[in-house]
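*Asks:* sequence plus predicted model, see below.
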Amino acid sequence: MDWTDLIDVAFGALGSDNNKSSALHSVQQAALPGELPVAATAGRHPDHFRKGALVLTTHRLLFLKDGKPPLPVPLEGVTDVTVTRSRLNGEILQVVALTGAQRFEDVSKAEFFAEQLRGTARAARDRHHAPAPDLLDSLERLAALRTAGALTDAEFALAKAKLLAD
């Protein structure tokens, strides 16, 4: 699959060709050296009203919408991927990463996309020689505490820096 095929799949799931060439240009410009396309679907970020394209690469998950710069989630930091359903928001893809949690609503083929995301994130961590399991567990616990509101961003950053310095 090349970048054009990936954008075609994403916009096919969106059911629209609006801004397709702009999205292709954005993702090609933002591509990292050695980054390859993996999968795509459509979904809505809660901060946006209309759907956008969710693009999975070998290095990142990108959310593309209306020709704006992509919202990136680095895969080596992804700690959890879940899919839930609601009557109001359809299939909801929740991605928890060391950089924060992202929620995408009304995701097309969310379970299939989540499986691809989990596998690609696992490969990215393996490729980047993931930290020792104890360190990763500690970082995951810190991220969960911050997500739950038990830690402020400043407290999280301080605790994370302390863990990584040890």
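*Replies:* Nice, thanks for sending it over. Numbering: from 1, shown residues only.

*Asks:* and the strands in this protein, which stretches?
*Replies:* Here the chain has its strands, by DSSP state E, at 37-43, 52-57, 60-64, 71-74, 78-86, 90-97, 100-104.

*Asks:* can you put these in JSON lines and add mean neighbour count and distance to Gly119?
*Replies:* Yep, even glycine has a C-beta here, placed from its N, CA and C like the rest. Formatted as JSON lines, these follow (neighbours: other C-beta atoms under 10 Å; distance: least, C-beta to C-beta, whole Å):
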{"stretch": "strand 37-43", "mean neighbour count": "23", "distance to Gly119": "9"}
{"stretch": "strand 52-57", "mean neighbour count": "26", "distance to Gly119": "10"}
{"stretch": "strand 60-64", "mean neighbour count": "24", "distance to Gly119": "13"}
{"stretch": "strand 71-74", "mean neighbour count": "18", "distance to Gly119": "15"}
{"stretch": "strand 78-86", "mean neighbour count": "15", "distance to Gly119": "10"}
{"stretch": "strand 90-97", "mean neighbour count": "19", "distance to Gly119": "14"}
{"stretch": "strand 100-104", "mean neighbour count": "18", "distance to Gly119": "18"}
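
*Asks:* skipping adjacent residues, who's closest to His59 in space?
*Replies:* With sequence-adjacent residues excluded and distances taken as C-beta to C-beta, 6 or more residues apart in numbering, His59 is closest to Glu35, at 4.6 Å.

*Asks:* closest to Ala121 out of the strands of the chain?
*Replies:* Closest approach to Ala121 among these is made by strand 78-86 (3.9 Å; C-beta to C-beta).

*Asks:* shouldn't Leu71 be in contact with Phe63?
*Replies:* Yes - between Leu71 and Phe63 there is a contact under C-beta atoms under 8 Å: 4.1 Å.

*Asks:* need the overlap of contacts for the two.
*Replies:* Overlap of the contact sets of Leu71 and Phe63 (by C-beta atoms under 8 Å, 6 or more residues apart in numbering) consists of 45, 102.

*Asks:* of the strands of the chain, which approaches Leu151 most closely?
*Replies:* Closest to Leu151 of the strands of the chain is strand 100-104 (C-beta to C-beta; 12.4 Å).

*Asks:* contact partners of the closest one?
*Replies:* Defining contact as C-beta under 8 Å, 6+ apart, one finds that strand 100-104 is touched by 43-46, 54, 61, 63, 71, 73, 92-95, 143, 147.
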